[in-house]
Structure formats: C-alpha cells, structure tokens
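Engineer: please work out how this folds:
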Amino acid sequence: MQAAELREKLLDAALNHVAFDGWSEATFQAALADSGLEPGLARALFPRGGLDLALAYHQRGDRQMMRQLAAEDLSALRFRDRIARAVMLRLSLAEREAVQRGTTLLALPQNAAQGSKALWGTADAIWCALGDTSEDVNWYTKRATLSAVYGATVLYWLGDDSPDHQATRDFLDRRIEGVMQFEKTKAKLAQNPLGKALIAGPLKFLGRIRAPALPKDLPGRETPAEGPDQGSQPG
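Structural biologist: Prediction:
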C-alpha cells in the first residue's frame, strides 16, 4: 500500500473520533489502533499527530472540490457566481464537526500560521480550478481576498442552521458584492487623472511582482482544472 493510501486510511479512522476528542493526540492514537498501521510509519506520515491529520483533512477537501469543479460546466455563470459555487461546494464536502474542531485547533497562536496557509491553499485551489492564469500582483491579491471571504464564510456556516444553508449563501453573496464594489472603486480611481497620479508610484512597484513559478509536474501536485483565461478582474 502506497503512502498516500496509508494516509487516507489513517485519516478515515481518525474521523470516527474527531467529534469526541478533536484533532488531538488521543484521536491520533485511536486512529492508529483502528487502522492497524505500524506506529512508526503512522508517525512518519503525521509527525505532529492531530495537527497534521486536521491539515490532511482540509487538503483532502480541496482536492475533492477541484475534481468536482473540473467535471462541471460553469460557462453559463457569471464569474462571481462561479466563485460562489466553488465556495459552497467546498463547504458541502466538509463535515461540520470536523471543521469546527479544526478551526479551534488552528486558531491557537502556535498553529495560526498553519491555519492561514490552509486558507490560502483553498483560495489557490479555487482560483486554479476556475482557470486563473494571472502571473502578476493579481495572483496574490485574488488569493488574499478570497482567503478572507472564504474564512469569514466558514465561520458563518458553522453556526448556520437555515434550510440548505441559504443564510450562508446570502452571507457569501454579500461578501463577494463587497469585493466587487471595492474593485469598481479602484477602477474609477485609475480613470481619474488625480487618481492616476496618486497611484502611479505604487503601480510601478506592484508591476514588478510576479506569481511564484512552480513546476507543474511535481509528484502529488493536483492538476488545475482547465478553463478560460481569467487573468483579468472577475465580473
């Protein structure tokens, strides 16, 4: 059995205990006993025990979302609606108790950096699945903005008991609308002579920023969904 399969086996076993013990060492040990994996191998796969299990669960959801989005035809949707679809799909693939426990764990000061990285990873997965090809500063701003939107939506979703999570959908629409209004304001500023003068310096600097270039064929790297060129600002 390959390492990826062993990781999935241990993660599946852990999910049976997360509701009771969270993403903890107790859950790791219980999953180890249930899965029958050799302790040394399990520790090599998840060196930090419960924390690595929580992150693996989050990453599994990202991969599942990318695969499902790749199989959908979103061409008839406005781009903002594609983003909303991706976010709601990502939430539908998660178990609320597991996310609640993970959110609590990753909110701890010593784990905050890992939590931020996980959010960024989800935002990146969504943009890649939707065909983003930006290579300049927009690569960063798109992911930073979506990370904030997704993080806020997750927190709202955790307390939402409305039918079919309609309240969460409405909350997400409002967050996306807020982003769109901000982008419209930026566009108006850029068209104003005074605005152009004010932002000329920052734009010159930002124009030098490029997206990180990573090999597309790294082992284990998820292949982004094919899609139209979305390097321009979504609408």
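
Engineer: could you use CA atoms for every contact and neighbour count after this?
Structural biologist: OK.

Engineer: in this protein, what helix or strand scores lowest on average pLDDT?
Structural biologist: helix 193-206 (a mean of 48; mean pLDDT, DSSP states H and E).

Engineer: low-confidence ranges in the chain?
Structural biologist: Where the chain drops to pLDDT under 70, the residues are 182-211, 213-235.

Engineer: what ranges does it have for its helices?
Structural biologist: Here the chain has its helices, by DSSP state H, at 3-15, 18-21, 25-35, 39-45, 50-70, 79-92, 96-106, 112-129, 137-158, 166-191, 193-206.

Engineer: wait, which of those helices is closest to residue 212?
Structural biologist: Nearest to residue 212 among the helices of the chain is helix 137-158; the distance by CA to CA comes to 8.9 Å.

Engineer: that closest one versus helix 79-92: what angle between them?
Structural biologist: 50 degrees (axes from the mean of the first three to the mean of the last three CA atoms, to 10 degrees).

Engineer: against which helices or strands is helix 137-158 packed?
Structural biologist: helix 112-129, helix 166-191 (3 or more CA pairs under 8 Å, 6 or more residues apart in numbering; DSSP states H and E).

Engineer: coming back round to it: how about the helices of the chain in JSON lines, adding distance to residue 212?
Structural biologist: Below are these laid out as JSON lines (distance: least, CA to CA, whole Å):
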{"stretch": "helix 3-15", "distance to residue 212": "26"}
{"stretch": "helix 18-21", "distance to residue 212": "35"}
{"stretch": "helix 25-35", "distance to residue 212": "34"}
{"stretch": "helix 39-45", "distance to residue 212": "27"}
{"stretch": "helix 50-70", "distance to residue 212": "20"}
{"stretch": "helix 79-92", "distance to residue 212": "22"}
{"stretch": "helix 96-106", "distance to residue 212": "25"}
{"stretch": "helix 112-129", "distance to residue 212": "12"}
{"stretch": "helix 137-158", "distance to residue 212": "9"}
{"stretch": "helix 166-191", "distance to residue 212": "24"}
{"stretch": "helix 193-206", "distance to residue 212": "14"}
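
Engineer: any chance of the ones you listed in CSV, plus mean neighbour count?
Structural biologist: Shown next, in CSV, are those (neighbours: other CA atoms under 10 Å):
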stretch, mean neighbour count
helix 3-15, 18
helix 18-21, 17
helix 25-35, 19
helix 39-45, 14
helix 50-70, 20
helix 79-92, 19
helix 96-106, 18
helix 112-129, 20
helix 137-158, 18
helix 166-191, 15
helix 193-206, 12
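
Engineer: redo the helices and strands packed on helix 137-158 as a markdown table? Include distance to residue 85.
Structural biologist: Conversion of those to a markdown table gives the following (distance: least, CA to CA, whole Å):
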| stretch | distance to residue 85 |
| --- | --- |
| helix 112-129 | 10 |
| helix 166-191 | 9 |
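
Engineer: for residue 44, find the nearest of those helices.
Structural biologist: With distances scored as CA to CA, the stretch of these nearest to residue 44 is helix 112-129 (18.7 Å).

Engineer: how far away from the center of its chain is stretch 11-18?
Structural biologist: 21 Å (CA atoms, centre = their mean, to the nearest Å).

Engineer: how about the nearest residue to the residue nearest to the spatial centre of the chain, chain neighbours excluded?
Structural biologist: Residue closest to the average C-alpha location in the chain (CA atoms, centre = their mean): residue 122, at 1.3 Å. Take residue 122 and drop its neighbours on the chain: the residue closest to it by CA to CA, 6 or more residues apart in numbering is residue 62, 5.9 Å away.
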